[in-house]
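>>> model this:
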Amino acid sequence: MPLIRRDRSTPSAAAGATPAAGAMTQLVSGDASERWAAARELASDAGAVKALAAAVVDEEAPEVRDAIFTSLVLIRTTEAAEALAQLLRSDVAHLRTGALDALGSMSEVARPFLPGLL
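Alright, predicted model coming up:
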């Protein structure tokens, strides 16, 4: 079976839409499986930290929350660590627990935020 090259001049690419923009839209408006896929796709986009951090606060599906926390860990920037550190002050237990687990997975980036949490 021959390989078929994708046409890069599709209307969405020509209009300036990026795959990350589509994923950010699905992160807040799709069904649970679409939100999960969008969160996983955004794991490679450091510019998605704010969108991921905002989405996890309102997310009700545990599997989507886990995907968002995983994406923030994979992004592994100080901005991601700061967003996770702010969730430790949440009144919602699953947000605090998820943030703590995520920060534990990226301790080298999270270390500067520890004194402010004590």
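
>>> what's the helix or strand for the spatially closest residue to Glu63 that is not a sequence neighbour?
Using CB to CB, 6 or more residues apart in numbering and skipping the chain neighbours, the partner closest in space to Glu63 is Trp36 (5.8 Å). No exception for glycine: its C-beta is placed from N, CA and C like everyone else's. Take DSSP states H and E as the rule and Trp36 turns out to sit in helix 32-41.

>>> Beyond that helix, next helix or strand please.
helix 49-58.

>>> which residues sit against that next one?
Contacts with helix 49-58, where a contact means CB atoms under 8 Å, 6 or more residues apart in numbering, come from 24, 27-28, 35, 39, 42, 65, 68-69, 71-72, 75, 77, 79-80, 83-84, 86-87, 90, 95, 98.

>>> Only alpha carbons, please: show that helix as PDB.
Taking Å, rounded to 0.1, in the frame of the first residue of the first chain, the C-alpha atoms of helix 49-58 are listed here in PDB:
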ATOM      1  CA  VAL A  49       0.200  25.800  30.600                       C
ATOM      2  CA  LYS A  50      -2.400  28.500  31.400                       C
ATOM      3  CA  ALA A  51      -5.200  26.700  29.500                       C
ATOM      4  CA  LEU A  52      -4.400  23.300  31.100                       C
ATOM      5  CA  ALA A  53      -4.200  24.900  34.600                       C
ATOM      6  CA  ALA A  54      -7.600  26.600  34.100                       C
ATOM      7  CA  ALA A  55      -9.200  23.500  32.700                       C
ATOM      8  CA  VAL A  56      -8.200  21.200  35.500                       C
ATOM      9  CA  VAL A  57     -10.000  23.300  38.000                       C
ATOM     10  CA  ASP A  58     -13.400  22.800  36.400                       C
END
